[in-house]
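> I would like to see how this sequence folds:
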Amino acid sequence: WSEPETILIPDEHDPSDLEFYALKAAPYEDFLVGMLWNFRTTPATHHPELVFSRDGIRFERPYRTPFISRGGRGDFDYISVFGHQPIVHGDHVLFFYQGRNFRSLITLRELGDKAIGAIGLAMLPLDGMVSMDGPKNEFGQLVTRSFGFQGQNLYLNLDGAMQEASAAGSCDIRVEILGPNHEPMSGFTFDDALPITEGGRSIRATWKGHGDLLALEGKTIRLKFHIRNAKLYSFRFQ
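Numbering: from 1, shown residues only. This is a model prediction of the structure:
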């Protein structure tokens, strides 16, 4: 074992009364995904924050908001939510958590029979912890870094039509494939891409009726996503 070292401390972007209580992490794809327990000492409340790491030492905290929000007054999780590591079950990711509606032994006695501690369950679609959201009425664009891949088909995991079509434009996702010079590759341009107009966990991207990518396997590419009125969770080659 190495010597103990500090890997996470509150910083200048955190409230002055924030302390870290615990960190529950587990492997998820190529990352460690964890629930960082935030303790606000002034109101004496707890909530989990989503963090992730590639090595178990350097954790990133890009989303400094409650991952599982505390409940309302009278709910069992009104004061504290202690989130545990993710569990993948079928097409969902499960987060069990402990909740309670009292702060201390003093408030526990004051509440009497109204004091509650219980186990809760928060559930997300597979890979649904973070998404890239396209605008309602126009295309937003997302370009990946360069990478190589293995596989014959590209599959997207997404939710379509965040707003009803009557209130905004319908779901529309198209994928361009860019070459080393960052120019669209022949046959895989925006005009070649067939619109994806529905959500799902394994939506196959196609270009003018074909989706076979074997000719590009092993080459360095980038993907350019054009997203309208949809949430893109992840993609994979298979």
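> for the rest of this, base every contact and every neighbour count on C-alpha atoms.
OK.
> lowest-pLDDT helix or strand in this protein?
In the chain, the helix or strand scored least confidently by mean pLDDT, DSSP states H and E is helix 105-111, which has a mean of 81.
> for it, packing partners?
If you count contacts as 3 or more Cα pairs under 8 Å, 6 or more residues apart in numbering; DSSP states H and E, helix 105-111 packs onto no helix or strand.
> was I right about residue 209 contacting residue 194?
Yes - under the contact definition of Cα atoms under 8 Å, residue 209 touches residue 194, with a separation of 7.4 Å.
> which one of the two has more residues nearby?
Between residue 209 and residue 194, counted using other Cα atoms under 10 Å, residue 194 has the larger neighbour count: 20 against 10.
> got phi/psi on that one?
Note on residue 194: backbone dihedrals following degrees, to the nearest 10 are phi -80, psi 130.
> tell me the confidence at it?
For residue 194, the pLDDT comes out at 95.
> so it sits against residue 204, correct?
No - under the criterion of Cα under 8 Å, residue 194 lies out of contact with residue 204, with a separation of 10.3 Å.
> next, count neighbours for residue 127.
Counted with other Cα under 10 Å, residue 127 comes out at 20.
> next one: residue 174
Residue 174 has 23 neighbouring residues, counting by other Cα under 10 Å.
> so how far is residue 226 from it?
5 Å (Cα to Cα, to the nearest Å).
> just residue 36 next, same as before
According to Cα to Cα, residue 36 and residue 226 sit 33 Å apart.
> these two: who's more crowded?
Using other Cα under 10 Å, the more surrounded residue of residue 36 and residue 226 is residue 36, with 26 against 19.
> that's a strand at that one, yeah?
Yes - assignment of residue 36 by DSSP: H, G, I helix; E, B strand; the rest coil places it within a strand.
> pretty sure it contacts residue 26?
No - Residue 36 is beyond contact range of residue 26, at 11.9 Å (criterion: Cα under 8 Å).
> what do these two both touch?
Taking Cα atoms under 8 Å, 6 or more residues apart in numbering as the contact rule, residue 36 and residue 26 touch no residue in common.
> in the chain, where is pLDDT below threshold?
Segments of the chain classed as low confidence (criterion: pLDDT under 70) are 161-169.
> tell me how many other residues crowd residue 70.
By the measure other Cα under 10 Å, the count of residues near residue 70 is 22.
> who's in contact with it?
Residues touching residue 70, when contacts are defined by Cα under 8 Å, 6+ apart, comprise 47, 77, 78, 79, 80, 81.
> quick one: buried residues of stretch 198-212?
Residues of stretch 198-212 classed as buried: 199, 201, 203, 204, 205, 206, 207, 211 (neighbour count, 16 or more other Cα atoms under 10 Å).
> which other residues reach that stretch?
Where contact means Cα under 8 Å, 6+ apart, the residues beyond stretch 198-212 that reach it are 91, 126, 152-161, 171-172, 174-175, 187-188, 192-194, 196, 230.
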